Every structure is written in structure tokens, then in C-alpha cells.
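K.L.:
Using only what follows, build the 3D model:
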Amino acid sequence: MNTRLKTIDLARGASVFIMILVHTLWMYSSTALQSESLFGAVIHILGKGTASFLVAMGLSMALSRRQTPLLLIKRGVQLLLLAYLMNAAKFWLPIEVFNTMPEAFINAYGWQSPLSAGQLQFMVLTGDILQLAGVSLVLFGALNIARWKTAWIAFLAIAIALVSQFVRGQQFTLSPYISDLFFANNYQVYFPVFPWISAILTGYVLGRLYINSQHNAAYLFSVCAKLGAALLVIGSAWLFIDFNGQFGNFFHLNGGGIIYLIGLNLCALALIEYVFANKFNGPITRALLYASKHVTALYVIQWVLICWFMGVFGYHTQSLVPTLCLMALMSLLTFAVHKMYLQIKLTLLGFKQKPKRAA
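P.N.:
Here you go, the predicted structure:
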């Protein structure tokens, strides 16, 4: 039985396009455009869809047949290796090899060129969403979460969300960096496990409910709508009481922030299901489904391209019209490079699989 959910694929595909817009804004646009314009505000709001991507990741994991501890750990380690290779391509190559990284970008860290080995290491070890995904998969494998009851997984998601603010900034003596991957309150790690893994666990629970309902999509998205609304109310009330403490730093949210964000994105998934999912099958839908299928590769490619092209377009220098042009350019280049990557991959596989001639 095909257990793929078109709504989840559409949401994940949309997240690819949104992240290109967001990252282009972050790297190229002037601080005034980012923080003082309606355009910047809208793009930043779209960027809050990160939780939707993580929920989709958890749901897809629950539906996957490859949930043995060894396979989960192997996939997690592969993602971590890819994440750090991406960082090396983003930062080390343009700084040390191409010598094209704008000095303004270096200055944003409070540094000046040339960078020390420690400063380069700091950049290469930057923790982003791929690190979160990799660590989460390793944890799921180590805990053998596929054997857990659904209620236990739900309890774990709630517990992590609630305790996050109390463990924020905790440090293990032997490895401060590993501590940051879990509890960071700094910008070396943007997506620490606490609380972001709660979104992945929520998706995993939804995947379990979908399986238990005999793959009833209507039931799944009814749960998304109801649970999302409940979490949205709870999160909104919490933010009303303590907005700065719970949502003041988007990357290092506390309980109220992650609850609100998960609720908002569950409601968005239900909305996509009811309004869009089965009503449109044109080129936009096909592009979103393509992006969903290749999300990891596209994520890596767009980040590397955006960082490399800072040597051409500068860092925090562009106004509205150039930013719009760069968003279109980065989107087109990302998919063009990915198409080339797939073609090269197919060619290499063809060489490997070519049958040998009999002697």
C-alpha cells in the first residue's frame, strides 16, 4: 500500500522554496530591509514554517519500513557527515580557498581576516537543521523508538518542550560542543535538540495514529486540525504571559514557543489538506513534489550557492528589487545545479552497472 501523503509532500516541498527566500534575505538584504520593512516581516513569518518541515520528517519516519536501530543510526551519522561537509563548502572554501567571502560577513562574527584555525573550526561546526536531523535519528536508533508505545513518545515530546528552558545553556564538562547540540543558547548551534526534537516526535506520533487508523488521511488531518488548534491556544496564552522568554529568540525557543509553533504548523498542514492537496496538479504542484523528494540535496545546494555568491553580491547590501531578483536567481540555480547533479549521478551509475563483455 502506498502510504505517502500528498499534503506532507507539498508542505515539505514548499519549505524548500521558502528556505531559499529566507536564506537569500538573511545573507544579501540590508538590515533595514530585513527588520524595518513589510517584505522582510513577511519572509521572516514564512520562515516560521521550520516546524512543519520537522513534523513532516517525524511523520515520514513513522511510515518508513527502515526503522531498525542500526539503520536509523547509520542514516543519522550520514546526515551529520553531510552537514559538516556542507559547512566546509559554505564557509571554509570561500574563506580559505576562493578568498571571496566579504569581510563584512567575517566582521559580523566580531572577527577580522585572516581567521585563526579555531575561528574556522567554529564556522565548520555550526549546527543547523541537518545536525538536528542527524542527532535525532541517532537518538531514535539508540533508544529503539520504533518499539515504544505511542503514548510514551507523546509524553517525551511534551516533556522535552516543557523542560527546555530549564536546561538551556547546560554544558557537559567533557564536550561543550555536544552540549550545545542539545541545549545551545548561542549561535554556533541554531537548532538544538531541546526543544526542536519535540516537533519531530509530534510528527512521529501523528504517523503512528495514521497507521493505526488504517491509513485514513481524513482522520489524520482532523487530528492535525484539532491538536493544532489546542496547541495554538495553549502556546498563544503562554506567549501572551511571557513572549520574550518563550519566543524572543526563534532558534532557541522555550516551551511556549515550540508549542505555539507546532500548533500553528499543524493547523497549516490541515489547511493545505482541505484547500490545496487534491485540487491542483499543475506545474507548481509538480515542482513542490519534486522539491519534497530531493529536500536534503536541495538544502545543501542552496546554502552553498548563497554563501559562494556573497563574493559577488555582498553581505547585507541589497535593497528590495535586487533581493527579489536574487531570490529568483538562487532558486533557479539551486534546481539547475541539482538537475546537473542527478545527471552526473545517473551517468556514473550507468558506468558502474555496465555489464562486462565476455572474454
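K.L.:
Only C-alpha atoms from now on, for both contacts and neighbour counts.
P.N.:
OK.
K.L.:
May I have the phi/psi pair for P114?
P.N.:
With angles defined as degrees, to the nearest 10, P114 sits at phi -80, psi 150.
K.L.:
what pLDDT does T50 get?
P.N.:
T50 is assigned 83 on the pLDDT scale.
K.L.:
Let me fix that, I meant to ask about A83.
P.N.:
98.
K.L.:
Check the one 4 residues further on too.
P.N.:
As predicted, N87 sits at a pLDDT of 98.
K.L.:
In the stretch 1-150 of the chain, where is pLDDT below threshold?
P.N.:
Low-confidence segments of the stretch 1-150 of the chain (pLDDT under 70): 1-3.
K.L.:
what's the spatially most central residue of the chain in contact with, if anything?
P.N.:
Of all residues in the chain, the one closest to the mean position by Cα atoms, centre = their mean is I129, 4.3 Å from it. With contact taken as Cα atoms under 8 Å, 6 or more residues apart in numbering, I129 is in contact with Y190, F191.
K.L.:
Going forward, the N-terminal residue is numbered 24.
P.N.:
Sure thing, new numbering starts at 24, so read that last one as I152.
K.L.:
gap between it and L204?
P.N.:
Distance from I152 to L204, counting by Cα to Cα, to the nearest Å: 11 Å.
K.L.:
try G278
P.N.:
18 Å.
K.L.:
Who has more neighbours out of these two?
P.N.:
G278 (26 against 22; other Cα atoms under 10 Å).
K.L.:
Next, count neighbours for Y283.
P.N.:
Around Y283 there are 25 other residues, counting by other Cα under 10 Å.
K.L.:
Okay, and it sits in which element?
P.N.:
According to DSSP states H and E, Y283 maps onto helix 278-295.
K.L.:
Which elements pack onto that helix?
P.N.:
helix 29-51, helix 73-86, helix 173-190, helix 216-235, helix 240-270 (3 or more Cα pairs under 8 Å, 6 or more residues apart in numbering; DSSP states H and E).
K.L.:
of all those, which lies closest to L328?
P.N.:
Of all these, it is helix 29-51 that lies closest to L328, at 10.0 Å by Cα to Cα.
K.L.:
Using PDB, list the CA coordinates for the closest one.
P.N.:
Extracted C-alpha coordinates of helix 29-51, given in PDB (Å, rounded to 0.1, in the frame of the first residue of the first chain):
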ATOM      1  CA  LYS A  29       0.400  14.400  -0.700                       C
ATOM      2  CA  THR A  30      -0.200  17.100   1.800                       C
ATOM      3  CA  ILE A  31       3.000  16.300   3.700                       C
ATOM      4  CA  ASP A  32       5.000  16.200   0.400                       C
ATOM      5  CA  LEU A  33       3.500  19.600  -0.600                       C
ATOM      6  CA  ALA A  34       4.400  21.100   2.800                       C
ATOM      7  CA  ARG A  35       7.900  19.700   2.600                       C
ATOM      8  CA  GLY A  36       8.400  20.900  -0.900                       C
ATOM      9  CA  ALA A  37       7.100  24.400  -0.100                       C
ATOM     10  CA  SER A  38       9.600  24.500   2.800                       C
ATOM     11  CA  VAL A  39      12.400  24.200   0.200                       C
ATOM     12  CA  PHE A  40      11.300  27.200  -1.800                       C
ATOM     13  CA  ILE A  41      10.700  29.200   1.400                       C
ATOM     14  CA  MET A  42      14.100  28.400   2.800                       C
ATOM     15  CA  ILE A  43      15.800  29.800  -0.300                       C
ATOM     16  CA  LEU A  44      13.800  33.000   0.100                       C
ATOM     17  CA  VAL A  45      14.700  33.200   3.800                       C
ATOM     18  CA  HIS A  46      18.400  32.500   3.400                       C
ATOM     19  CA  THR A  47      18.700  34.900   0.500                       C
ATOM     20  CA  LEU A  48      17.100  37.600   2.600                       C
ATOM     21  CA  TRP A  49      19.400  36.800   5.600                       C
ATOM     22  CA  MET A  50      22.600  36.900   3.600                       C
ATOM     23  CA  TYR A  51      22.100  39.500   0.900                       C
END
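K.L.:
Without its sequence neighbours, what residue ends up closest to F145?
P.N.:
Leaving aside its sequence neighbours, F145 sits nearest to Q211 (Cα to Cα, 6 or more residues apart in numbering; 7.0 Å).
K.L.:
what's the burial count for the one you found?
P.N.:
Q211 has 18 neighbouring residues, counting by other Cα under 10 Å.
K.L.:
I234 too?
P.N.:
Neighbours around I234, by other Cα under 10 Å: 16.
K.L.:
Repeat that for A184.
P.N.:
If we define neighbours as other Cα under 10 Å, then A184 has 23 of them.
K.L.:
Next up, the contacts around it.
P.N.:
F217, P218, W219, S221, N277, G278, I281, I282.
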